[in-house]
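Q: attaching a predicted model along with its sequence, questions to come.
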Amino acid sequence: MAREFMITFPGGARVDAQVGDMVIRTDQPVRGGGEGSAPTPFELFLASMGTCAGIYVLSFCQQHGLSANDVYLTQTVETDPATHLVSKVSLTIHVPASFPRKYEAALIRSAELCAVKRSLETPPAITVETQFG
């Protein structure tokens, strides 16, 4: 099943993606020629990992009748200084002291179900082409 996203250039250094009826906006920082009005495309890519894991954590809490009010994730991204590419992504699920410890392993497993993470573990083929007219 294929999904199509329309990528447009609304002005300046902004690049938007139309996803169904929604628009995801990106921009470059001021030092990069943009207005800094939105995340960069790469920041959006990185945030997709944390937010994807987050939805699985939230769902786990909801399914088990656990409050997610004081639950949050932090994501640390390490880059290789030689290539400037991501070398490691670490996600930490922060839970209050009152969170039942018996759910710790299951909570981690739920975050590991993230589709973004799983897609990166088996990367897709990416092609680029030009179409005229």
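A: Arrived safely, thanks for sending.
Q: and residue 53, that one's in a helix?
A: Yes. Assessed by DSSP: H, G, I helix; E, B strand; the rest coil, residue 53 belongs to a helix.
Q: give the contact list for it.
A: 73, 91, 111-112, 114, 116-117 (Cβ atoms under 8 Å, 6 or more residues apart in numbering). Placement of C-beta: from N, CA and C, glycine included.
Q: what do you get for residue 100?
A: residue 66.
Q: can you map out the helices along this protein?
A: Assigned by DSSP state H, the helices in the chain fall at 41-63, 104-112, 115-121.
Q: just put the contacts of residue 53 in JSON lines and tack on distance to residue 15, pLDDT and neighbour count.
A: What follows is the contacts of residue 53, written out as JSON lines (distance: Cβ to Cβ, whole Å; pLDDT from 0 to 100; neighbours: other Cβ atoms under 10 Å):
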{"residue": "73", "distance to residue 15": "27", "pLDDT": "98", "neighbour count": "16"}
{"residue": "91", "distance to residue 15": "27", "pLDDT": "97", "neighbour count": "19"}
{"residue": "111", "distance to residue 15": "29", "pLDDT": "97", "neighbour count": "20"}
{"residue": "112", "distance to residue 15": "31", "pLDDT": "96", "neighbour count": "13"}
{"residue": "114", "distance to residue 15": "25", "pLDDT": "95", "neighbour count": "21"}
{"residue": "116", "distance to residue 15": "20", "pLDDT": "95", "neighbour count": "16"}
{"residue": "117", "distance to residue 15": "25", "pLDDT": "94", "neighbour count": "18"}
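Q: now, which of those residues sits nearest residue 81?
A: Of all those, residue 91 has the smallest distance to residue 81: 22.2 Å, by Cβ to Cβ.
Q: confidence score at residue 129?
A: pLDDT for residue 129: 96.
Q: oh, that last question was meant for residue 1, not what I typed.
A: Predicted confidence (pLDDT) for residue 1: 85.
Q: what about it, how many residues close to it?
A: For residue 1, the tally of surrounding residues (other Cβ atoms under 10 Å) stands at 2.
Q: also the one 4 residues further on?
A: Residues contacting residue 5 under the criterion other Cβ under 10 Å number 10.
Q: from what I see, it and residue 19 are in contact.
A: Yes. In this structure, residue 5 is within contact of residue 19 by Cβ atoms under 8 Å, at 5.8 Å.
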